[in-house]
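J.: Next come a sequence and a model predicted from it.
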Amino acid sequence: MDNEIKAQEEAMLKDIASQLPAFGKERGSLIPILQMIQENNAYVAPEAIKMVAEHLGIPTCEVYGVATFYNQFRFHPPGRHHIKVCLGTACHIRGGEIILENFERKLEIAHGETTPDREFSLERVACVGCCALAPVAIVDETVHGHVAPSKVEGLMLGFRIEKEKEEREKQENESGQ
Amino acid sequence: MNLASNENPDQLFSAIYEEAKRRRNAFKEADVPKIHIGMATCGIASGAIETKNAFETVLAERKIEARIHTVGCIGHCYAEPVVIIDNPGFPPIFYHQVTPGKAKMLVKYFLEKGDPLFEHLLGAMEENDLIPAVTDFPRFRQEKRVVMEKCGLIDPEDIYDYIAEGGYLTLVKALKLPPEDIITEVKNAGLRGRGGAGFPTGKKWELARTAKGQQKIVICNADEGDPGAYMDRTILESNPHLVLEGIAICAYAVGARKAVVYVRAEYPLAVKMVAKAIEQAKDLGLLGKRILGSSFDLEIELFRGSGAFVCGEETALIQSIEGNRGMPIHRPPYPVQNGLEGQPTVINNVKTLASIPHILDKGATLYRETGTEKSPGTAIFSVVGDVVHPGLVEIPMGVSLRTLIFDICGGIPNKKDFKAVQIGGPSGGCLPADFLDTPIDFDSLTQAGAMMGSGGMVVMDEDTCMVDVPRYFLDFTQNESCGKCTFCRIGTRHLLNILERITRGEGHEGDLEQLEHLSEEIKKGSLCGLGKTAPNPIITSLMYFYDEYEAHIKEKRCPAGMCRPLTAYYIDLDKCARGCDACVGSCPVEAIFTTSNRKKGVDQSLCVKCGECVVACPPEYNAVMKVSPPDLAPIVERPVDD
């Protein structure tokens, strides 16, 4: 497992190195570069920050300073299922925090964290612009409107069943061979 | 930059216009039903893609010929997914909440058998003898659409759809005018910046035009960060060319050859639509070098923000484009003198620029007929929260809050009472019922203690706690403070700490005085709009809801029952039905147990106060009670052997 993750990370850094030359070396390219890395890999690894600094010829701390200033950039790899809970105004007054708490309790992580098995990550976001559907949670790009604690249970149950099914199939395949 | 014309823009444009007309007529005259589906972010979130797929499958299965026309958002969020069907022989009909199942039924009954399914339609889009028109509803009748006129009716991905509706005609007209005349017209129209502060747009343009600089730049500010506001997103997603046309006219008027559209990172669909629109406009020669044969060049770039609320502030926005942390810098010099790359820069909000084509087309006098003397034109609000018909509403300035909330948006749902309306996002304030007759315009709202802001409006019913709402906004602004000014960075933290203590029931004497004092100091000691306005939610709520703060501090009671540490749920044993288990399964933390006489009790040490048991308890028993302060809840012991 560890080796697998290591290989993935190496491939990612190689990919970033191949993309960098397409960007100019002026300061204005910094944010577009970081956005490219975030988009392709879902997070900005510490090694990637060093590479960007080298490309632009500015100190690593400058890149780090800009990257941490903006909410869009994350520094930890996300889980296989990424859950975002909206805490915009409309969601807040309709109980968005209760929904977030429910996810935190179910997953046993705080928002901004990833479960140790990298299955789930949880994030709170400010307004996704679907205020009429409040409270809103986004699970793997699917927007769920009018979320209630029981719906959270249902979602998690769905994931568990899916995973159990996958494991059963895997076992069956292995025993079949 | 005068027009040294060797070719006539009219002639060049008329070829494009003819093509657009031809396409439009071909679409209109085709003797098949047309199905318009709203596919902006809120439509998609409500399932518009599934609806579209369902239409396509059923049409193919039943071998019916029809055109599917994907359009933007019409602003009626409560009705999403919205479908308008234009079936020959019928007026165009507006259907609301069209699920895949409803889509199948519409094909089967309406398209095949000619039954428009009265129980599912909202109304017809035009007057007719058969079906009541939507214009009979207050929502449609009292709105006045200027900026959003075409939103939800045209395909944002098709430039010809926009041109067929008269799009880019105003740009052609503008290119024949001296730039000064355009600025005069905008000044005469009295247009004020729709980003919130309300600075006169014409004056800003004039300053930029006369400013010295080699190159001038126009920036369209679409970094819409207020939680609860999404009109800029909707306009960019539903009619991006209108904004581009506004930018082009502005650039021509101030003498800029470069423009930047700064879109918020959280709006992927808006980014996609604008990028596509820029490409299409370039292909037709409406942007780029020598626009329509004139000597006017304009390159529009797209810059995606990275999620920092403070970047809505103009100097921070410029910092962010230049690759720095988005920290505001001191003004003056204002960006119109010294902005992006040190050049004179005009920064206008999306709605401001989107108003420009209308003003130039219809003229300043006609524009002034809508709205009030000092705030002419229309205002777009996203009305959300506890209201029956949430969505985007465009109304003439000067309409009262009561008309907007109760007549246009249908009032408060579930027979609850109106408590407050929050206007202007984290920078605005909460206005109580006494202010419902306040006209909506820049000056009246500021006078009442709120502000126009970018147009987010959150309606709150009696169950909303007016201490928790400012706490929420402070939590937001505290997070988003860039950290440059000490008062904003540390002051908002202190405000938040005090409010958090109060909502936990740990407030004490002197807290309110300290809140007031700190708020004033933060306003004075901050550089940019974020810090200057961050205390507004506290100031207005202290002004209008002082008694709620006192109840929290003195009685440890939350009158609205919203602050969870100050509330408790219990089960009324007289009402609880023996043997019913409805609430037990609903509890996410297993706090509900069965008492010795087979009724239910709540274990207060486990309860997280999510309120699921209230929903789960059958209405005929209605046994779950909520009280504040929590010690009012009777103690029911869990049986020992349980």
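T.: Now that the structure is in, tell me what you want to look at.
J.: residues near residue B:117, how many?
T.: 16 (other C-beta atoms under 10 Å in any protein chain shown). In this view, the C-beta of every residue, glycine as well, is placed from N, C-alpha and C.
J.: got the contact list for it?
T.: Going by C-beta atoms under 8 Å, 6 or more residues apart in numbering or on different chains, residue B:117 touches B:95, B:105, B:106, B:109, B:110.
J.: Can you name the helix or strand that the second one falls in?
T.: It stands for residue B:105. helix B:100-105 (DSSP states H and E).
J.: Any regions of the stretch 351-500 of chain B where pLDDT drops low?
T.: For the stretch 351-500 of chain B, applying pLDDT under 70 flags no range at all.
J.: so residue B:583 touches residue B:617, yeah?
T.: Yes: using C-beta atoms under 8 Å, residue B:583 makes contact with residue B:617 at a distance of 5.5 Å.
J.: Mutual contacts of those two, please.
T.: Shared contacts of residue B:583 and residue B:617, counting by C-beta under 8 Å, 6+ apart, come down to residue B:624.
J.: Now do the buried residues in the helix holding residue B:105.
T.: Neighbour counts over helix B:100-105 (16 or more other C-beta atoms under 10 Å in any protein chain shown) mark B:100, B:102, B:103, B:104, B:105 as buried.
J.: give the contact list for the third one.
T.: By that I understand residue B:103. B:51, B:54, B:55, B:58, B:83.
J.: Remind me which helix or strand residue B:177 belongs to.
T.: Going by DSSP H and E, residue B:177 is not in any helix or strand.
J.: Need phi/psi at it.
T.: phi -100, psi 150 (degrees, to the nearest 10).
J.: again with residue B:458
T.: phi -110, psi 120.
J.: What lies in contact with stretch A:105-117?
T.: Taking C-beta under 8 Å, 6+ apart as the rule, stretch A:105-117 contacts A:76-79, A:83, A:85, A:100, A:103-104, A:120-124, A:152-153, A:156, B:588-589, B:608.
J.: Any of these buried? List them.
T.: A:77-79, A:83, A:85, A:100, A:103-104, A:120-124, A:152-153, A:156, B:588, B:608.
J.: related to what we said a few turns ago, any chance of the contacts of residue B:117 in a markdown table, with pLDDT too?
T.: Converted to a markdown table, the contacts of residue B:117 look like this (pLDDT from 0 to 100):
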| residue | pLDDT |
| --- | --- |
| B:95 | 95 |
| B:105 | 94 |
| B:106 | 95 |
| B:109 | 95 |
| B:110 | 95 |
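J.: got a winner among the residues you listed for most neighbours?
T.: Those, ranked by neighbours (other C-beta under 10 Å): first place residue B:106, 28 neighbours.
J.: Would you mind listing the residues in contact with that one?
T.: Contacts of residue B:106 by C-beta under 8 Å, 6+ apart are B:83, B:85, B:95, B:98, B:117, B:120.
J.: Please tell me how far the third one sits from chain A.
T.: With distances taken as C-beta to the nearest C-beta, to the nearest Å, residue B:95 is found 17 Å from chain A.
J.: Look at the closest residue to that residue other than its chain neighbours and say how many residues are nearby.
T.: Leaving out its chain neighbours, the residue that sits closest to residue B:95 by C-beta to C-beta, 6 or more residues apart in numbering or on different chains is residue B:83, at 4.7 Å. Neighbour count for residue B:83, taken as other C-beta under 10 Å: 28.
J.: for residue B:198, same thing?
T.: 19.
J.: pLDDT score assigned to it?
T.: As predicted, residue B:198 sits at a pLDDT of 87.
J.: Can you tell me the SS state at it?
T.: Following DSSP: H, G, I helix; E, B strand; the rest coil, residue B:198 is assigned to coil.
J.: Please verify my assumption that it contacts residue B:192.
T.: Yes: with contact defined as C-beta under 8 Å, residue B:198 reaches residue B:192; the gap is 4.2 Å.
J.: for the residue nearest to residue B:95, what are its contacts?
T.: B:35, B:36, B:37, B:38, B:51, B:94, B:95, B:98, B:103, B:106.
J.: switch to 10 Å and redo it
T.: Shown in contact with residue B:83 (C-beta atoms under 10 Å, 6 or more residues apart in numbering or on different chains): B:35-38, B:43, B:48, B:51-52, B:55, B:68, B:71, B:93-98, B:102-103, B:106, B:120-121.
J.: I'd like to know how far it sits from chain A.
T.: Residue B:83 sits 17 Å away from chain A, taking C-beta to the nearest C-beta as the criterion.
J.: do residue B:190 as well
T.: Taking C-beta to the nearest C-beta, one finds residue B:190 at 30 Å from chain A.
J.: Any idea how many residues pack against that residue?
T.: Residue B:190, neighbours per other C-beta under 10 Å, totals 20.
J.: tell me the strands in chain A, going along the chain?
T.: With DSSP state E, the ranges of strands along chain A come out as A:81-86, A:120-125, A:137-139, A:142-144.
J.: Include mean pLDDT and distance to residue B:205 when you put those strands into JSON lines, please.
T.: Shown next, in JSON lines, are these (pLDDT from 0 to 100; distance: least, C-beta to C-beta, whole Å):
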{"stretch": "strand A:81-86", "mean pLDDT": "92", "distance to residue B:205": "37"}
{"stretch": "strand A:120-125", "mean pLDDT": "89", "distance to residue B:205": "36"}
{"stretch": "strand A:137-139", "mean pLDDT": "90", "distance to residue B:205": "40"}
{"stretch": "strand A:142-144", "mean pLDDT": "83", "distance to residue B:205": "39"}
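J.: got JSON lines for those, with distance to residue A:56 too?
T.: Below are these laid out as JSON lines (distance: least, C-beta to C-beta, whole Å):
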{"stretch": "strand A:81-86", "distance to residue A:56": "29"}
{"stretch": "strand A:120-125", "distance to residue A:56": "28"}
{"stretch": "strand A:137-139", "distance to residue A:56": "33"}
{"stretch": "strand A:142-144", "distance to residue A:56": "36"}
